[in-house]
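sequence first, then the predicted structure, then my questions.
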Amino acid sequence: MHSFNLKLVALAAWAAAVSATEPSASRHQLRASWCDFSKLGSHLSKGAQIYLPGTSDFDNAVARWSNLKVPKSNAVVVPATELDVVETIKFANEQKVPYLAANGVHGSITTLGKMTHGIEILLTGLNSVEIAADGQSAKIGGGIRSKNLTDALWAAGKQTVTGTCECVGYLGPALGGGHGWLQGHHGLVSDQFLSMNVALANGSLVTIDQKSDLFWAMKGAGHNFGIVTSVTSKIFDIQNRNYAVSTIFFSGDKVKKVYQTANEQWLTNGTAIPEDLNNWSYWFYDPTIDASGPVVVMYIIQEGVDAVSETHTKPFLDIGPIMVQNKTGDYRDLANWTGISLADGPCQKTGNANPRFPIYLKSYNPDAQAEVYELFKQATTNASTPFAGALFMFEGYAVQGVQALSDDASAFAYRSDNLLVAPLLSYKPNGPALERRAADLGNRMRDVLFRGSGESSLNTYVNYAYGNENAKAWYGADEARQQRLRALKKAYDPTGKFSFYAPIA
């Protein structure tokens, strides 16, 4: 095999880092692994790298977007080929060391903190895009980011469904289903998959498609079954290059009317968000806009136009906003318009804890919205609050493409829901008391929305999950669905190697 690039200080750093925290049995296991680390290197490709503690490469690789219950690694492997992932898994299994794949940002679930030592497998080197000769599909590397994929396909006159935020990995959201701007036309990110290469817990690399029982599980609960090293996905000709957005700012006293209007426009009385439309809203406190409390900001995004239709904007303008901003551009501007581009705050690693508390809804309950707004206002506007930078997100996508498939089409359980809602409580960590305070606030706000929904079970988006939910909330409460997932887990990962992110059991 080719030589590899080993970024290290003393290999003893591994042992020192672990010996301070691990019991003697684990110390013995890890001592064997760091003594044999060159063995892994001899099996990796020329472009692969290994980072060890004491280097800036290691520090950058293990830095998290959310510093709440973070996974701890003693080494980072950066594969250059799909087989490098396989070799790393084999090595870790031999040495009885845990491992965890990483890529992009926004993975903040608290269950990740159960990884107290081990190897991070950083997938950023697997970022290729190969468009098939017929232009109908593309083979996509497992480590590519959403923006890089969008840009590569756009240059070829193509696009596919990706996550909305530019800094997230393409596959991370897809393993939990994956919402995106184009889902009204085509469905979820994972609905586009034709096949995927998956490195399994036993150290094998398999290619799976709809003929495999595992394919169903990977599209909604995929974090539990393996590391996707590449995927072949449907791609589409660009239908509409031009987009427009109308961003409408309201003061908090208009909150009930705003969401009652959203219901009337798109969510009740037999209506639906049109395929060419996406409607998001945010709450955040900005005293330069409104010092009295958080603003309610509605984003109405329409494709194929140079200005959002008055049919969609007039009912909101009639409420009486603080201000309105209208912009025109193309698909690649959407992240910038909604504050989730690479340059925006949600894409920065600031050292903050960034827990979210997601819930799916079918429509808004205006009374519940008003009650939650008051809780959010109290938490974000007082002089001593640690949560001044908090953001409440209400994501309303067109759902025709998602709901065109049956509920049992994949492990993603919530095709019948119309709204993805989550508070994001960004704050500087300052001990367990503040952590409990944030958890209490986030759960209280979610509970208000849950009670107002009239639903019997809590439906949550696993990619936004806080961590105190359970497998029924992440993957659907139906017992047959749960049994199917548990059976697949037993078959493909019986020892629970892939159980740090929202475990099935």
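Okay, I see it.

flag every buried residue along stretch 148-155.
148, 149, 150, 152, 153 (16 or more other Cβ atoms under 10 Å). C-beta coordinates here come from the backbone N, C-alpha and C atoms, glycine included.

list the contacts for the first one?
Residue 148 makes contact with 127, 129 under the criterion Cβ atoms under 8 Å, 6 or more residues apart in numbering.

just to revisit the earlier point, can you tell me which of the buried residues of stretch 148-155 are in helices?
148, 149, 150, 152, 153 (DSSP state H).

quick one: residue 375 and residue 440 touch, right?
No - Residue 375 lies out of contact with residue 440 (Cβ atoms under 8 Å); the separation is 10.7 Å.

more neighbours: the two, which one.
residue 375 (16 against 10; other Cβ atoms under 10 Å).

where exactly do the helices run in the stretch 151-300 of the chain?
With DSSP state H, counting those that start in this stretch as the criterion, the stretch 151-300 of the chain has helices at 171-175, 183-186, 213-221, 255-262.

buried deepest among the ones you listed, which one?
helix 171-175 (a mean of 30; mean count of other Cβ atoms under 10 Å).

ok, and what's touching that helix?
Contacts for helix 171-175 (Cβ under 8 Å, 6+ apart): 103-104, 106-107, 142-144, 146, 162-163, 179-180, 188-190, 193, 218-223, 228, 231, 463.

chain center to it, what's the gap?
In terms of Cα atoms, centre = their mean, to the nearest Å, the centre of helix 171-175 is set 7 Å apart from its chain centre.

contact partners for residue 230?
Counted by Cβ under 8 Å, 6+ apart, residue 230 has contacts 82, 126, 128, 139, 140, 141, 142, 196, 197.

for the ones in helices among the buried residues of stretch 148-155, which one is nearest residue 279?
Closest to residue 279 out of those is residue 150 (20.9 Å), distances taken as Cβ to Cβ.

for that closest one, what are its contacts?
159, 162, 331, 332.

burial check on the first one, number of neighbours?
Each residue near residue 159 was counted by other Cβ under 10 Å, and the total is 23.

follow-up on the earlier one: for the helices of the stretch 151-300 of the chain, give me CSV that also has mean pLDDT and distance to residue 122.
Shown next, in CSV, are the helices of the stretch 151-300 of the chain (pLDDT from 0 to 100; distance: least, Cβ to Cβ, whole Å):
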stretch, mean pLDDT, distance to residue 122
helix 171-175, 97, 13
helix 183-186, 98, 28
helix 213-221, 98, 21
helix 255-262, 98, 40
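
residue 452: which of those helices is closest?
The nearest among the helices of the stretch 151-300 of the chain, by Cβ to Cβ, is helix 255-262 at 10.8 Å.

pull the CA atoms of the closest one into CSV?
Extracted as CSV, the C-alpha positions of helix 255-262 are listed here (Å, rounded to 0.1, in the frame of the first residue of the first chain):
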residue,chain,number,x,y,z
VAL,A,255,-47.8,36.9,16.1
LYS,A,256,-51.3,35.3,16.3
LYS,A,257,-52.5,37.1,13.2
VAL,A,258,-49.4,36.2,11.2
TYR,A,259,-49.7,32.4,11.8
GLN,A,260,-53.5,32.5,11.5
THR,A,261,-52.9,34.0,8.0
ALA,A,262,-50.3,31.4,7.2
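
for it, name the packing helices and strands.
strand 277-284, strand 295-303, helix 310-317, helix 366-381 (3 or more Cβ pairs under 8 Å, 6 or more residues apart in numbering; DSSP states H and E).

change it to 6 Å
Under the contact criterion of 3 or more Cβ pairs under 6 Å, 6 or more residues apart in numbering; DSSP states H and E, helix 255-262 touches helix 366-381.

quick one: buried residues of the helix it packs on?
Along helix 366-381, these residues count as buried under the neighbour rule (16+ other Cβ under 10 Å): 366, 368-373, 375-377, 379-381.

what's the answer for stretch 486-502, then?
488, 489, 492, 493, 497, 498, 499, 500, 501, 502.

before we move on, what about stretch 304-316?
Neighbour-count burial for stretch 304-316 [16+ other Cβ under 10 Å]: 308, 312, 313, 316.

and residue 327, that one's in a strand?
Yes - under DSSP: H, G, I helix; E, B strand; the rest coil, residue 327 falls within a strand.

for burial, what's the neighbour tally of the closest residue to it other than its chain neighbours?
In space, and not counting its chain neighbours, residue 327 is closest to residue 245: 5.2 Å by Cβ to Cβ, 6 or more residues apart in numbering. Number of residues near residue 245 (other Cβ under 10 Å) recorded here: 23.

show me the beta-bridge partners of residue 245.
residue 301, residue 327 (DSSP bridges).

okay, it and residue 278: tell me how far apart.
Residue 245 sits 9 Å away from residue 278, going by Cβ to Cβ, to the nearest Å.

touching both of the two, which residues are there?
residue 301 (Cβ atoms under 6 Å, 6 or more residues apart in numbering).

coming back round to it: in a markdown table, list the contacts of residue 230 along with secondary structure, distance to residue 73 and neighbour count.
Formatted as a markdown table, the contacts of residue 230 follow (DSSP: H, G, I helix; E, B strand; the rest coil; distance: Cβ to Cβ, whole Å; neighbours: other Cβ atoms under 10 Å):
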| residue | secondary structure | distance to residue 73 | neighbour count |
| --- | --- | --- | --- |
| 82 | helix | 21 | 19 |
| 126 | coil | 18 | 25 |
| 128 | coil | 25 | 14 |
| 139 | strand | 29 | 17 |
| 140 | strand | 26 | 31 |
| 141 | strand | 22 | 24 |
| 142 | coil | 18 | 28 |
| 196 | strand | 25 | 29 |
| 197 | strand | 24 | 22 |
